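K.L.:
Structure, please.
(2 chains)
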Protein chains: 2
Amino acid sequence: MIGIGIDVGGTFVKFLAVDENGKSLKQDQIPTHPEDGPKAFIEKVAAFTLGWQKEFKGRQMAVGMGIAGEADPDNGKIHFAPNLNKWRNVPISEPFEKLTGMSCVLENDANMAGWGAYEWELKRKYKNVLAVTLGTGVGGGIVLDGKMFHGGSGAAGEIGHIRVVPEGELCNCGSRGCVEAYAGNYAICRRTAQALEKAPSKSLLKKICDEEGVSTLALSKAAEMGDPIALKIWEETGTYLARGLASVCLVLNPDAVVLTGGVSRASKYFVKAINDEFGRQTITTPFKHLKLVVAETSNLGSIGAALFGLEWARARKAA
Amino acid sequence: MIGIGIDVGGTFVKFLAVDENGKSLKQDQIPTHPEDGPKAFIEKVAAFTLGWQKEFKGRQMAVGMGIAGEADPDNGKIHFAPNLNKWRNVPISEPFEKLTGMSCVLENDANMAGWGAYEWELKRKYKNVLAVTLGTGVGGGIVLDGKMFHGGSGAAGEIGHIRVVPEGELCNCGSRGCVEAYAGNYAICRRTAQALEKAPSKSLLKKICDEEGVSTLALSKAAEMGDPIALKIWEETGTYLARGLASVCLVLNPDAVVLTGGVSRASKYFVKAINDEFGRQTITTPFKHLKLVVAETSNLGSIGAALFGLEWARARKAA
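P.N.:
As a prediction, this is how the structure comes out:
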């Protein structure tokens, strides 16, 4: 059986085909156009997937679809997807299955990254895994006892909105002091811009940002060249992130935490700060037990979706 | 089958017998004397339990034992129990089973309260349940998808040590700003003593505390009589507790949170503050979904231990 991971973002729908071992076979993307409505979206995605089935000479396929928003795998509905034209209560799995004849499971995209961390990155070696998606936002995907965990109403893993500083920086969610308000891409750029205002004119960071604009990439470049302001910003990012993760670890006591997403590519500048903060915890057991991993794979969301699609189809067949 | 709940504290070992529906049949307690060592402890507890079996005319019994500390139900060992003379790596279940012929499962006491909340208080109506034990310390017991959850190394649910105020009040764990440093019994008394220093001489709270000493009971009495300082302290307790619980709910998205333990008896003075803080959250779904319950049963730890003992014995028989 071939697993198809479909990662639905506000702009693009990304497709990935893997074999049962998770080996990538093919990938592609098409525009999402959520403004055309769910019906057009499902028809377009189904047609594209059927096109791949032809290419794979009719081999059986199972689909896992990850969306940025709240989704219920049990009834296959999107509860709410702010990035998809604010769709609410939209059935996805059933109409998709009718059009394609393929098994389809729908999940939140961070949860799919969690499954990718568990099955692909860590090869099922650890049973309790938290994936931390570090992108524009900060999200979490949780696998417990080898099973996807999404809580009572599909909203588990919202670790980006744990508050680490009362009345702290403004978060995209509207609240203040959330982890994301310090470790989200936009928040790191905001602190970088603030630091540049006070930076000496010969600052390396200033020079790089003047040339190419403020970005986490520019910040990494400056850090790589030893710029002290850049290094400090990354260190603070790690500390705030670790304060939020410490709360999660006190609750879940996971075997492994896997950092993934765009910002994780700069992890070498902030992993030490995370470990330092974990080392300062007075309740030591969960932190001694924990393995902190930076994902080697860059598309854990897609690969997790494909593999979870296969897992779901197998479980269904067994039931 | 009769379930025996054994709640092992630093001073007393409490015994409770229940039938398969959880109905209490008998209760008693004996001194713990952890300084006599694990062997003497196990022999004493086994002998006491066998005495009950005689009284119950040889009916089959299954034991659940809850301890304040880290325990591993799978190998039946205490990892570390600070209140039991700092016992480390002590096998309990196996020697107990050898002496009594009864099935015995060992768990952390807050986890047993979690099971009590799930099975007894909520009658298995909710699958994802967090019990919050409000006593000297603040602990958590978690049931997920109808199963006891204790994390990768038996340390899950340490919700009392989530930090809600950076560099805040001193916690018994040695850290600062933990939930427990505001909502633990000792912390509430500390804030009460601080407030009394500034309280006007005609303060009702001052009068009550002068007469009977500072305690959460005195604080409740004053609150009941409308004393504004007492009401404020309880309200703050609820707000700090809710800030920690909000982090937990963002991670776990539980169906129900059950408040239990001595301090929960004063919940009518702080439940509103919890709901208010939950209402201020910008990520709304987990909080709309959540049912907040104050336990009616005062001994959820013992009853949960007894019922989990039965659950464990049944699962073992089925395996």
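K.L.:
what's around the residue in the stretch 1-150 of chain A that chain B sits nearest to, how many residues?
P.N.:
Relative to chain B, the nearest point of the stretch 1-150 of chain A is residue A:128 (4.6 Å; CB to the nearest CB). C-beta here means a position set from N, CA and C on the backbone, and glycine is covered the same way. As a burial measure, residue A:128 scores 24 neighbours (other CB atoms under 10 Å in any protein chain shown).
K.L.:
Angles on the backbone of residue A:60, please.
P.N.:
Note on residue A:60: its backbone torsions stand at phi -60, psi 140 [degrees, to the nearest 10].
K.L.:
From one end of stretch A:131-146 to the other, what's the distance?
P.N.:
End-to-end span of stretch A:131-146 (CA to CA, to the nearest Å): 13 Å.
K.L.:
That one near chain B at all?
P.N.:
Yes - contact of stretch A:131-146 with chain B (CB under 8 Å from any CB of the partner chain) involves A:140, A:142, A:144, A:145.
K.L.:
Which PyMOL command selects the buried ones in those?
P.N.:
Buried residues within the residues of stretch A:131-146 next to chain B, by 16 or more other CB atoms under 10 Å in any protein chain shown, are selected in PyMOL with:
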select buried, chain A and resi 140+142+144
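K.L.:
Would you agree residue A:233 falls within a strand?
P.N.:
No - counting by DSSP: H, G, I helix; E, B strand; the rest coil, residue A:233 is located in no strand; its state is helix.
K.L.:
Determine the number of other residues adjacent to residue A:292.
P.N.:
Neighbour tally, residue A:292, other CB under 10 Å: 18.
K.L.:
Equivalent analysis for residue A:288, please.
P.N.:
By other CB under 10 Å, neighbour count at residue A:288 equals 11.
K.L.:
Mind pulling the model confidence for it?
P.N.:
On pLDDT, residue A:288 comes in at 96.
K.L.:
Is it part of a helix or strand, or is it coil?
P.N.:
helix.
K.L.:
got the phi/psi numbers for residue A:138?
P.N.:
Phi and psi for residue A:138, reported as degrees, to the nearest 10, are phi -120, psi 120.
K.L.:
can you check residue A:142 too?
P.N.:
For residue A:142, the backbone dihedrals (degrees, to the nearest 10) come out as phi -120, psi 130.
K.L.:
Next one: residue A:75 from residue A:97, what distance?
P.N.:
Remark: distance between residue A:75 and residue A:97 (CB to CB, to the nearest Å) = 13 Å.
K.L.:
Give the pairing partners of the worst-scoring helix or strand of chain A on mean pLDDT; include direction for each.
P.N.:
The weakest-scoring helix or strand in chain A, judged by mean pLDDT, DSSP states H and E, is strand A:70-72 (a mean of 89). Strand pairing for strand A:70-72, using DSSP bridges, gives strand A:77-81 (antiparallel).
K.L.:
So for chain A, the centremost residue is which one?
P.N.:
residue A:133 (3.4 Å; CA atoms, centre = their mean).
K.L.:
where's it relative to residue B:189, distance?
P.N.:
The spacing between residue A:133 and residue B:189, counted by CB to CB, is 42 Å.
K.L.:
go on, residue A:223?
P.N.:
Counting by CB to CB - residue A:223 and residue B:189 are separated by 48 Å.
K.L.:
Show me which of those two is the more surrounded one.
P.N.:
The neighbour count for residue A:223 versus residue B:189, taken as other CB under 10 Å, is higher for residue A:223 (24 against 18).
K.L.:
Mind telling me what element the more buried one is part of?
P.N.:
Per DSSP states H and E: residue A:223 is located in helix A:216-224.
K.L.:
buried stuff in that helix?
P.N.:
Residues of helix A:216-224 classed as buried: A:216, A:218, A:219, A:220, A:221, A:222, A:223 (neighbour count, 16+ other CB under 10 Å).
K.L.:
ok, residue A:264 - contacts?
P.N.:
For residue A:264, the contacting residues are A:132, A:134, A:294, A:295, by CB atoms under 8 Å, 6 or more residues apart in numbering or on different chains.
K.L.:
Make JSON lines from those and add pLDDT, secondary structure and neighbour count to it.
P.N.:
Converted to JSON lines, the contacts of residue A:264 look like this (pLDDT from 0 to 100; DSSP: H, G, I helix; E, B strand; the rest coil; neighbours: other CB atoms under 10 Å in any protein chain shown):
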{"residue": "A:132", "pLDDT": "98", "secondary structure": "strand", "neighbour count": "31"}
{"residue": "A:134", "pLDDT": "96", "secondary structure": "strand", "neighbour count": "28"}
{"residue": "A:294", "pLDDT": "98", "secondary structure": "strand", "neighbour count": "16"}
{"residue": "A:295", "pLDDT": "97", "secondary structure": "coil", "neighbour count": "24"}
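K.L.:
Tell me the spacing between the nearest residue to residue A:295 once chain neighbours are set aside and residue B:16.
P.N.:
Excluding its sequence neighbours, the residue lying closest to residue A:295 (CB to CB, 6 or more residues apart in numbering or on different chains) is residue A:260, at 4.1 Å. With the distance defined as CB to CB, residue A:260 ends up 47 Å from residue B:16.
K.L.:
Those residues of the stretch 51-200 of chain A touching chain B, which are they?
P.N.:
A:70, A:79-80, A:126-128, A:140, A:142, A:144-145, A:147, A:149-159, A:161-166, A:171, A:173-175.
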